[in-house]
Structure formats: C-alpha cells, structure tokens
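*Asks:* This is the structure alone, sequence omitted:
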C-alpha cells in the first residue's frame, strides 16, 4: 500500500515538474525550447549512474555475505539503471538534434560516457540471462559489476581529456552554450525534476526488488520441492513441511 | 629434512585428544537446474577409512565427490572436512584433499614430466625437491620411459596413469577418486589397487567411486551406495550415513523471512 | 619462504606453463597473429586507397587490431585449461588464487606484447608510418596497453570460459571496459608519432597506467570468485 502511494506521488511529481519545466520556466536564451529536455535528461542520467553504483555495491555485498537478497538488489538496480540510462541517451539525442543539428557527436563527454554505461549495463543483464544456477549467476554478475564500476571513473577522465585536448572543437560554438534567462527558475526546474525522478526511481526499485524476491521464493520453493519430489520418488520420508510458504 | 617420498602420513587437524571425522556432512543437497543430483545426505566418515562409493549412473556419486573436493558448493547443507568448515575455509580444505575426476585435466602440449612438475610446484614442493618427487611418482605408475613425451601422444590409459602420478605429488589427508579404473588395462587396474592399499596403509582417507564394485569393495572398510541422490545402503565400519533431511532452513544462501 | 615469494613462484610457474603451451601449440598462437595482421590489411581496403587517410587513422587501426587479436589471445589462454578439464584441477590446487591470476595475466601480457611487436612494423609498412625516433614511447604505450588488456581480459576470460555463448560474451563484456584503454592508447600513439606537439602524451600514459593498476587489483581480488564453479 505504501509503495502504491509512493508510485502515485512519483507520477504526480513528474507531471508537476514537467509542467513547470515546459511552461513555467522561460526558454533558454541560446538554445530555445529545445533546452527544456535537459531537465529529465540530466535527472535520468544521474539516476542511471546511481543505479549502477548500487549494482556494484550490492554485488560486493553478495560476494561478502552470499545473501541472494543482495543479488536481487543488484539485479533490480541494473535493470532500472539501464532503463534510466537508455532514456537519458534518447533525451540527449532529442536535445542534440535541434541544438547541434545532429543526433550524436563525439565531443560531448557526457554522451559518450553514458553510451558506454548503457553498454556495460546491457552486458551485465545479458550475462545474468545466460547463467541458470542462481549462485553462479550472482557470483559472475557481482564480479562483472565490480570491474565495470571501477572502470567508470577511468572512462570519465579519458573521455573528458579526449575532448579537452582536441583543438578546434566544432561543437563548442559559444552561441549554442546554455544561457538560462532566469537562473533561479532554471535550478528549481532541474532540482524539481531530479527529485521527482528520484521518487519514481525508489518506486521502481522497490517494485522490482519485490518481484525479484517473489521470483526467488518461487524458485526456492521449486528447488526444495524438487528435492522433496526426488525423495518421494525414492520413497524416503522427508519430515520437512510440504506446504508452500506463503 | 623435508621428505621426498610419495606416501606421507596425513596431518591431523590440530585437535590433540579427539580426532575429527574426515567427513561430517549434514543435509547435503545439490541442484543442477531442474534436477536434484543430491537430495539430502548426511554422512560421517572416520579418518583413515577407505570407502567404496557405489551406485548407478546419475546416483550422485560424482556430485558428492565434487562437493567434498570443494570444486562446487552444495545447494543446501553443511560440510566439515578434517574438522574444518568446508564452506568457509575451502582453501584450507583444498590443502588437505586431492581429487581425481573422470576427466584427467592434463595439458596436452606439455610432457608428462612437465605436467607433473607443474603439479608438484602447485602442491608446494620447493624447486630442488620437485625433480625427485616427479621421478618417484612417474616410476610408481610405470611411466618413467615416456616422461619426456607430450601428453597429446598418450593413450587414454597412459593419461590416467599420469593423472594418478599427479595425485602422488600431493601430500593429502584425503583422496577422492572418480572411476579410477576407467580406461585402464589389467596392469593399470592393478596399479590403482596397489595405490589404494598404500594409501590405506599410511592412514589416508580414501573415497573411491567405481563401477568395478567387486574390486573396490574388497579393498574398502565400508561401502556407501547411492541411488537417485539419496543413500540407498551403507555397510562396513567407520561410516555413518542416511538420507535424513532436517529442515529447509538449513539452506546456506537463502532469503530472510518475509518483511 | 615468505608468502610473497611463494606467490611469485606460483605466478611464474603458471606463466611458464602457459607460455610453453602457447609455443608448442604453435598453430593457435600463430593464427591469432596472422589474423590481426589480416585485419590491418582489410582496414586498408576499407579506408584506402588514399594513403594519407590511412596514415591519419593508423594509431586507431593499430589498436583496433590489437584489441581484436587480444580478445582471441586471452580467450585461448583459458581455453587451454578448459579443454581437458584442467581448469577444475587448477582451481583445486592449494595456492593463493591471486597468484594464479597474476600468472595468467603475465602470460597474457607477454602474448599481447608479441602481438604488438608484430603489428607495429606491419602498420608502419602498410600505412606509411615513420616510426624512427618514436620507437621508445611507442613501445611503452604498447606495453601499458598490453598489461591493461591482459589484466581485465584474464578475469573476464576465466568468467566466460564455462559459459554458454562464450565466444560472444567475452567480446561483449570486454569492449566497453577497454574503451578508455583504447582511446588513451590511440591518443598516446598518435602523440608519439607526431612528436607530441601538445605535450599530452604523458597524461595519456598516466591514464593507461592507472587503468592497468586498477584492473590488476580488481582482477586479483575477484579471480577467486571467477574460479568458483
């Protein structure tokens, strides 16, 4: 019940922040209305990074404690992270087209980093899909998650230096740089959207985790059930409770 | 002076008065996808015993051996080897246990001698000792003449002998064998029997799974017959086994209760 | 023997064994080198015939070839374990698994250094690159790149060798991870060849070194989990 309230609040918050960003905040002086997509785009990117960070930490936690709950958190965070990161890239492309004239360009460090982040996240999810045994899957995913997380700062620096040391950036046209006409409202819009998205993020994480836990409980019951079935087939008494756990 | 013989009496796990059992397992179970290879086994084996592990294909013999070797973790249950918690201190257990699986696990492009030198170094022999121990092991299995030939050129029987020689370069307190007689001719099988006898003499615990029931039962203190992942029959001395299954809560990696 | 020297012995023993296996299984390692050279040739057909364009692109093409060859190389070093079930035996020796990792990473590094050493002259010839005075910074760049690639490649190859669809899983996981290594190595190579006009080569080499250290530490820390079945 509480989660549902959270979801509704999140939805309302996103709607509210969107209305604010679309109609209340004045348009950017340089980029015009196209700039408005920045609010959800930045919020999305932020939360995507946060999610993947959580994936890595939960993975480390699993390797330490072997508690599959932590693995479920990692899995949920990775899925939510891919969702937000993909949306961030889409937003980035939608923003880029009117401002730069192209959907993609390589001099923007954020876009390149986010693309790699998405690739890492998808790779993580594919790795999980291709492993059946739960313990093996959790271990492999945790290793990949940790190494990927350690790579992020290096990616970050390398891509920024890539652009910075390159003379004659063609997309750094000063006439196109962000120039909010009402900086106060601009910040409020950004923070508002970020908060709204964060609420939605929490909602999605909780729901996804609950789903994973249900999945696990079913799987666990299935596993114990298979053991009981094997025992019954050999007609050995199994004193364990046969009723499914609710 | 470090001993460079290939049969060494086992080191005890530190307890002065009580000797822990070589194997103490409870509610061992292991799932592979949909099937339960082991469906709940509790087991206690005295140190120094030779146990014949019997049963049809798919009974769980290999799975049990692999769990004892710490090659895989059980899905449920607890395990102690020589008194050590095998799930927490698997590295300590690995220094006491050697395992010969069905596949020989050799490096084809290396010679028999090089394979053994590698293993001996891994088992902790120092550089000057390695040569002696490898030679002794090769001699014991009768492969000294082909020591410098590449394993790629060996027959299945010869590869098995190299794998057996590799066992001899370790200093274990427990030896696990999965179908050691497979691929061997009469001489080879006699070699395995001889090794089983020598290990028993020096007090090394041996668990050997074999389809050659008659051969191993004669050499063993006890037999453990599995069927369908459960204990079907246990005879002999120094062993206790049954298919009790206490409670699902014995799962080592499980979710907490509903919150 | 101190634990450190014990570990070093183990690592060197493993590296030696891998190197021996590689040298003797001549066809496999030779094929990889030939494949990488072929890739460079094919790039010529893809981007030519204007040699100037190829010369400009040369650092990138070189490192792409090294990456593709590298994927095959690190995969093979674990495949030789999996072939006869030797990986399980390796995981069961009573040794520190970090030492096993370092041994395999060392073998991987050496294999990739050989790869780089062969490809440098090939690139120089095919794309008209004057290596000349820049040979030392180029060698350093190749060395740092090789270490980094082998460091993360060893961990991922061990992870994927027993997986379904392992031929695609290894590249799929590796390529995003080595993107910063690729970009830094290409920048450093270009700087070295161009006489380093902006003085940026040092920064790129430092980034490469940072990548190497981070991946070596991460690989060593996680290899024990990688070897678990």
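*Replies:* Looks like it came in fine. Keep in mind it's a predicted model, so treat the numbers as computed, not measured.

*Asks:* rest of the way, CA atoms for contacts and neighbours
*Replies:* Fine.

*Asks:* what about the strands in the stretch 51-200 of chain B?
*Replies:* Counting by DSSP state E, counting those that start in this stretch, the stretch 51-200 of chain B has strands at residues B:76-81, B:84-85, B:97-100, B:174-178.

*Asks:* Low-confidence stretches in the chain?
*Replies:* Reading this off chain A. Where chain A drops to pLDDT under 70, the residues are A:164-178, A:234-246.

*Asks:* actually chain B
*Replies:* Scanning chain B for pLDDT under 70 picks out the ranges B:1-17, B:246-259.

*Asks:* need the longest helix for it.
*Replies:* helix B:186-202 (DSSP state H).

*Asks:* swap in chain A?
*Replies:* Every helix in chain A considered (DSSP H), the longest is helix A:183-233.

*Asks:* residue closest to the middle of chain A?
*Replies:* By Cα atoms, centre = their mean, chain A has its centre lying nearest to residue A:81, at 1.2 Å.

*Asks:* how far away is the closest residue to that residue other than its chain neighbours from residue A:54?
*Replies:* Once flanking residues are discounted, residue A:81 sits nearest to residue A:48: 4.4 Å by Cα to Cα, 6 or more residues apart in numbering or on different chains. Between residue A:48 and residue A:54 the distance, using Cα to Cα, to the nearest Å, works out to 10 Å.

*Asks:* from chain C, which residue is nearest to chain A?
*Replies:* Taking Cα to the nearest Cα, chain A has its nearest neighbour within chain C at residue C:180, 5.2 Å off.

*Asks:* What of the stretch 1-150 of chain B?
*Replies:* Scanning the stretch 1-150 of chain B for the residue nearest chain A gives residue B:39, at 5.1 Å (criterion: Cα to the nearest Cα).

*Asks:* can the one helix or strand that residue maps to be found next to chain C?
*Replies:* Per DSSP states H and E: residue B:39 is located in strand B:35-45. No: contact of strand B:35-45 with chain C (Cα under 8 Å from any Cα of the partner chain) is absent, the minimum separation being 15.6 Å.

*Asks:* And for that strand, what's in contact with it?
*Replies:* For strand B:35-45, the surrounding residues in contact (Cα atoms under 8 Å, 6 or more residues apart in numbering or on different chains) are A:226-228, A:230-231, B:21-31, B:58-60, B:63-64, B:77, B:228-231, B:238-245.

*Asks:* Keep only those that also lie close to chain C.
*Replies:* Among the contacts of strand B:35-45, none lies close to chain C by the criterion of Cα under 8 Å from any Cα.

*Asks:* Helices - which of the residues you listed land there?
*Replies:* If you go by DSSP H, those have A:226-228, A:230-231, B:63-64 in helices.

*Asks:* For residue A:40, grab the count of nearby residues.
*Replies:* Residues lying near residue A:40 (other Cα atoms under 10 Å in any protein chain shown) number 26.

*Asks:* residues contacting it?
*Replies:* A:88, A:91, A:190, A:193-194, A:197.

*Asks:* for those, which one is nearest chain B?
*Replies:* The shortest gap between chain B and any of these belongs to residue A:197, at 26.1 Å (Cα to the nearest Cα).

*Asks:* Quick check, the closest one in contact with residue A:14.
*Replies:* Yes: counting by Cα atoms under 8 Å, residue A:14 is a contact partner of residue A:197 at 6.5 Å.

*Asks:* Now for the residue in chain A that chain C sits nearest to: which residues touch it?
*Replies:* Closest approach between chain A and chain C, counting by Cα to the nearest Cα: residue A:155, at 5.2 Å. Counting by Cα under 8 Å, 6+ apart, residue A:155 touches A:113, C:179-180.
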